[in-house]
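Novice: kindly generate the corresponding structure for this input.
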Amino acid sequence: MHSFKLKGVSWNVLADGMSSNEFITNGGDEVNVLWTSRFPRICRIMQRFFEDGVQVVGLQENDHPYSILNELKKYNTEIKCVHLLAKDAARSADKLCLSSIFDYLNRTDEQFHKITESSTSKDSKDFDGLYSRMNDWYKTNTLEQIRKHSTITSFKEENAELLQKVLHRSPDDLYVVNDGCTIYYDSSVLEFVESLSACSMAKTECPTIFTGHDLGCRFKILENKSNVTPNKEHFLNVICSHLKSGEGPENENRRSEQMRSMLRALNKEDMPSVILVDSNTSDLYRKDIEKTEVKDAVLVDNVIHEEGFQNIIPSKHNECFKMRHARGAQQNKFGNIMFDTIDKILIKPEFCSDYKCVKPSWVKTLPNEYYEEVLSWRTNDDKRNELKTICCDRKWGDDMNENDVSGSHFDRNIFLHLYPNQEMPSDHPPVMAEITFTIR
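Specialist: Numbers count the residues shown, from 1 in each chain. Model (predicted):
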């Protein structure tokens, strides 16, 4: 019996196509949300993880997989990735991105507006037709002004030759892709072998790009980096997943069904696995569901326990601290505040001799002095409703510095720590674990 020590990270990086005109931040979209602002900071955090000895990073809601990979390779040529394009999502990043560009041009470009009025509607279900229209505009106009509001690049600029081929685009075409899950790994330690049949994914013409919902990879542990038995191959399964969002019993049941299906499939395989997941549920979701006394609610935490798995990440100090403003596209989310730990790293203890959550000092979360106050905003119904009302009535926008808090009990300084911010460039903090697997 031998062992293999893995350092793994799970992080939802917030898809570019889903981020703009949604969140309240300290400075607004241009400095905290626009991809051109967040991209170098995301890459720097990824670099620091690999410098700290992390071998695997799973990213959810990633719609720039190869531009990130290209930056990482500048520091370590051994970094590789496997990517999965999300499929069948109602609110997909590519459609939202295209819609955002369309809206901007319709407001600011008189000629574009005239042509659009007489031909294509934004609400058209013909995505390819709308993309063609945007692509033609992209190739024949100056981009300086629109780049202050939207990410406008080509497949070539994104170093996305593989995605270009899978999507049947040209190098100079407008880069608009759906988000998905990506596993970045140190290829001097792990070698990608195959996709997992236990996960909902389909192959493409590229052997490291898949479509579906859950990204599951089997890796061979390379002998020169571990103390496993010589001349015997050993494997590790790594899964990156993103469960359905939404509060309440009905959404929780959907997540539980998805989680149970994945864990039961993994249980049929006699080898160690680690699951890096944005579960979109938390202990606070569970408490809210329990208050409703809905008898048929199936909780994700219970499913994890019933299937013999364990979450390594504690709830406290791993929360997504974010809030929606009242000028975005999703009116049903106006004024919603979240202070929930929804990211999990799951293992099966019987395959491990040791495991623990690790938090580097440079991963910045809400200062402890504000912790209990913010928790009360999230858990006290009166405070949560009051905050939502103030946000909606006063039409709070993306920059907290310009939002009116006068006459309320809410401290503006606390809101300046909302995600995304200059230190944490996503609406989620990354979570990290160190796991020692027993190799049979």
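
Novice: buried residues in stretch 136-154?
Specialist: 137-138, 146, 149-154 (16 or more other CB atoms under 10 Å). Quick note: C-beta positions are derived from backbone N, CA and C, even for glycine.

Novice: and what of stretch 301-309?
Specialist: Here stretch 301-309 shows 301, 303-304, 307, 309 as buried, counting by 16+ other CB under 10 Å.

Novice: who's in contact with it?
Specialist: 256, 259-260, 263-264, 267, 275, 281, 283, 286, 310-311, 344, 346-350 (CB atoms under 8 Å, 6 or more residues apart in numbering).

Novice: for PyMOL, what selects the buried ones among the residues you listed?
Specialist: Buried residues within those, by 16+ other CB under 10 Å, are selected in PyMOL with:
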select buried, resi 256+259+260+263+275+281+286+311+344+346+347+348
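
Novice: for the chain, what spans make up the helices?
Specialist: For the chain, the helices defined by DSSP state H cover 16-19, 29-32, 35-51, 65-75, 93-108, 110-118, 127-140, 161-166, 249-267, 283-292, 300-306, 371-379, 381-393, 412-415.

Novice: right, so those helices: which one is the most enclosed?
Specialist: Burial of these is given as mean neighbour count (mean count of other CB atoms under 10 Å); helix 16-19 ranks first at a mean of 25.

Novice: so how far is that one off the chain centroid?
Specialist: Helix 16-19 has its C-alpha centroid displaced from the chain centroid by 10 Å (CA atoms, centre = their mean, to the nearest Å).

Novice: what does stretch 432-440 give?
Specialist: On CA atoms, centre = their mean, the centre of stretch 432-440 falls 24 Å from that of its chain.

Novice: can you mark which positions in that stretch are buried?
Specialist: Those would be 432-435, 437, 439, for stretch 432-440 by 16+ other CB under 10 Å.

Novice: who are the packing partners of the lowest-mean-pLDDT helix or strand in the chain?
Specialist: The least trusted helix or strand in the chain, going by mean pLDDT, DSSP states H and E, turns out to be helix 110-118, with a mean of 75. When contacts are defined as 3 or more CB pairs under 8 Å, 6 or more residues apart in numbering; DSSP states H and E, helix 110-118 packs onto helix 93-108.

Novice: distance check, Asp411 against Thr77.
Specialist: The gap separating Asp411 from Thr77 is 47 Å, by CB to CB, to the nearest Å.

Novice: repeat that for Glu350.
Specialist: From Glu350 to Thr77 the distance is 36 Å (CB to CB).

Novice: if we can go back for a sec, among the buried residues of stretch 136-154, show me the least confident.
Specialist: Lowest model confidence among those falls on His149, which carries 81.

Novice: thought it was touching Tyr104?
Specialist: Yes. Taking contacts as CB atoms under 8 Å, His149 lies within contact range of Tyr104: 5.5 Å.

Novice: could you give the number of residues near Glu205?
Specialist: Look at Glu205: counted by other CB atoms under 10 Å, it has 9 neighbours.

Novice: what's it in contact with, if anything?
Specialist: Contacts of Glu205 (CB under 8 Å, 6+ apart): 165-166.

Novice: if we can go back for a sec, which two among the buried residues of stretch 301-309 are spaced furthest apart?
Specialist: Among those, the pair separated by the greatest distance (CB to CB) is Asp301 and Glu307, at 11.3 Å.

Novice: please look at Phe127 and Leu96 and confirm they touch.
Specialist: No. With contact defined as CB under 8 Å, Phe127 does not reach Leu96; the gap is 11.6 Å.

Novice: per-residue pLDDT of Leu263, please?
Specialist: 95.

Novice: likewise for the one 3 residues further on?
Specialist: Listed pLDDT for Leu266 reads 93.

Novice: look up how far Leu196 lies from it.
Specialist: Distance from Leu266 to Leu196, by CB to CB: 8 Å.

Novice: cool, Glu423 as well?
Specialist: 35 Å.

Novice: neighbour count: the two, which is higher?
Specialist: Taking other CB under 10 Å, Glu423 and Leu196 do not tie; Leu196 has more neighbours (21 against 14).

Novice: not counting sequence-adjacent ones, nearest residue to that one?
Specialist: Nearest non-adjacent residue to Leu196, counting by CB to CB, 6 or more residues apart in numbering: Gly216, 3.2 Å away.

Novice: repeat that for Arg147.
Specialist: Closest to Arg147 by CB to CB, 6+ apart is Thr36, at 7.1 Å.

Novice: the one you found contacts Thr151, doesn't it?
Specialist: Yes. Using CB under 8 Å, Thr36 is in contact with Thr151, at 6.4 Å.

Novice: what residues are up against Asn280?
Specialist: 242-246, 251, 255, 342.
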